[in-house]
Each structure stands twice: as structure tokens, then as C-alpha cells.
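A.B. asks: Turn this into a model:
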Amino acid sequence: MTTTTARVGKQKVTTPALVMDAFLVGRKNLEAYTVFFDHFLPCATKKTTWDRRLAKADNQPNSSMLQPLCTVSDEAFALLLLENSFDRWLDLFANHKGPVMQRRGLKQRGFQSDVATMYTRGGIKYDRTDITQSVKGWSDAGISRFNELFDQVKEDREQNPDFERVWLEERKSAQAENGATTKKRKRQPPQARSELFESDNEDDIAPTADEAVVDESGTESDDAAG
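C.D. replies: Okay, the predicted model is just below:
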């Protein structure tokens, strides 16, 4: 399952391994929806919630009341995000000759595309009085499409209730075959050595020649002698 790029005349044509329609079929297309669960759905959910539900499912593999890994809204939104940017991402892949890994704050032509998204319009609107600019964010068509996908996902879950259980089993088998993934140790920043905390008790610091010794009663010893 690979993405191929070929020339048709003077134009480059990239054929993805999976087209958008394959994802929209839902759980009935096991190959496409497995890729969707592996790579796209976790991006649309809160990572801590996704990891916690995966861990809970792994600890209860035989439970008949397996909790869904995400809500219907999360799944529908992930499909909407994928459909919204699918052609644009494909264009970026073709022009960049491979995966695009943009770093924050770095803007280059390789990270841009002339292919518009389906339901969103981005950019910054600096002039509030300029009514010629389109409204930013999701269009009405995008919101209507989300509602359609919401109903579609809900029906898909009812018709294919075993998909998540099978996906979890295959995921666990793949992890066992490939070995447990070693977690990267969090890099600790270097600490500067210091002597500030070795003698920071004022009682241990000797008075200078200009300072009079103070006894426990709080009066200077010279005054007490006089």
C-alpha cells in the first residue's frame, strides 16, 4: 500500500494508496478505516484521553461492555478534517516529493499549496472594515457536512459493532510481534553548580569587623558591659 507519482504529459499526477472515498465507506472498508484509526483519529481527540482509553481497553480485553475509544463527534470531526484537507495535503506531498514536516514559525513555499480546503478559509483578517474578505473558519457547508458525518458514524457503529474490538486485538498482536516500544527518556536540562545553598544560614556566617556581636537577649555585648 504505497502512494505513487507519475507524469501524464507535463503534469505530475499523484495517486494515493487510499482515496478519500475509501475512508468515507467507514468500518466496512477494513483496510482504510484501520489506517484512519491508526493515524488520523488520535489527532482529533485529546491525546491523554485516547491513551487512557487504550490502556483501559488493553486491561479489559474480554469485556463485553467495551467503552468506545472516542465519541461520535470526535470520529465525525476527524473524518471532516481529513475530507477538508485531503486534496491539499496530497498536493503538498506531490510538490514536496514526500512527507512534509513543517517546523513552527518556518514558512516556505514547500509548506504551501494552491489547492484550497473544502470547508475552511484560513489567514489573518487585519482590516475589520474590509467586507470583501471571506469569513474565516468553517463554512455553513462544512457545518452541514459535519452533521451528515455525525449521523453516518452513528449508523456505522451500530452496523459494525466489532470493528474496535478487532482493531484493538490486531494492534496488540502487532505490538507483541514487534516488541514493546521503548519510551524515550525526557531530556533533563543541565544544572549549573552552585555554592549558594551550602552556607545560606545567617547564623553560620561570621560577623565582619564593623559589626558588633549581638547576644541572645538582642542587646549588643559592648552595651551590656558598660
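A.B. asks: What is the burial count for residue 176?
C.D. replies: 9 (other CB atoms under 10 Å). C-beta coordinates here come from the backbone N, C-alpha and C atoms, glycine included.
A.B. asks: er, residue 112 I mean
C.D. replies: If you count neighbours by other CB under 10 Å, residue 112 ends up with 14.
A.B. asks: tell me the pLDDT at it?
C.D. replies: With respect to pLDDT, residue 112 has a value of 73.
A.B. asks: Now whichever strand or helix holds residue 48: buried residues?
C.D. replies: In this assignment (DSSP states H and E), residue 48 forms part of helix 47-59. For helix 47-59, the neighbour count (16 or more other CB atoms under 10 Å) marks 50, 53, 57 as buried.
A.B. asks: Mind putting these into TSV with distance to residue 143?
C.D. replies: Formatted as TSV, these follow (distance: CB to CB, whole Å):
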residue	distance to residue 143
50	25
53	27
57	32
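A.B. asks: Secondary structure element holding the closest residue to residue 80 other than its chain neighbours?
C.D. replies: Spatially, and ignoring its direct neighbours in sequence, residue 80 is nearest to residue 146 (5.1 Å; CB to CB, 6 or more residues apart in numbering). According to DSSP H and E, residue 146 maps onto helix 140-159.
A.B. asks: Convert the C-alpha atoms of that helix to CSV, please.
C.D. replies: As requested, the backbone C-alpha atoms of helix 140-159 are provided in CSV (Å, rounded to 0.1, in the frame of the first residue of the first chain):
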residue,chain,number,x,y,z
ASP,A,140,-22.0,26.6,6.5
ALA,A,141,-21.4,23.8,4.1
GLY,A,142,-18.7,22.4,6.5
ILE,A,143,-21.1,22.5,9.5
SER,A,144,-23.8,20.8,7.5
ARG,A,145,-21.3,18.2,6.3
PHE,A,146,-20.3,17.5,10.0
ASN,A,147,-23.9,16.8,10.8
GLU,A,148,-24.1,14.3,7.9
LEU,A,149,-20.9,12.6,9.1
PHE,A,150,-22.2,12.5,12.6
ASP,A,151,-25.3,10.6,11.6
GLN,A,152,-23.1,8.4,9.3
VAL,A,153,-20.7,7.4,12.1
LYS,A,154,-23.5,6.7,14.5
GLU,A,155,-25.1,4.3,12.0
ASP,A,156,-21.8,2.8,11.1
ARG,A,157,-21.1,1.9,14.7
GLU,A,158,-24.5,0.2,15.0
GLN,A,159,-24.0,-1.8,11.9
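A.B. asks: Right, I'll call it a day here.
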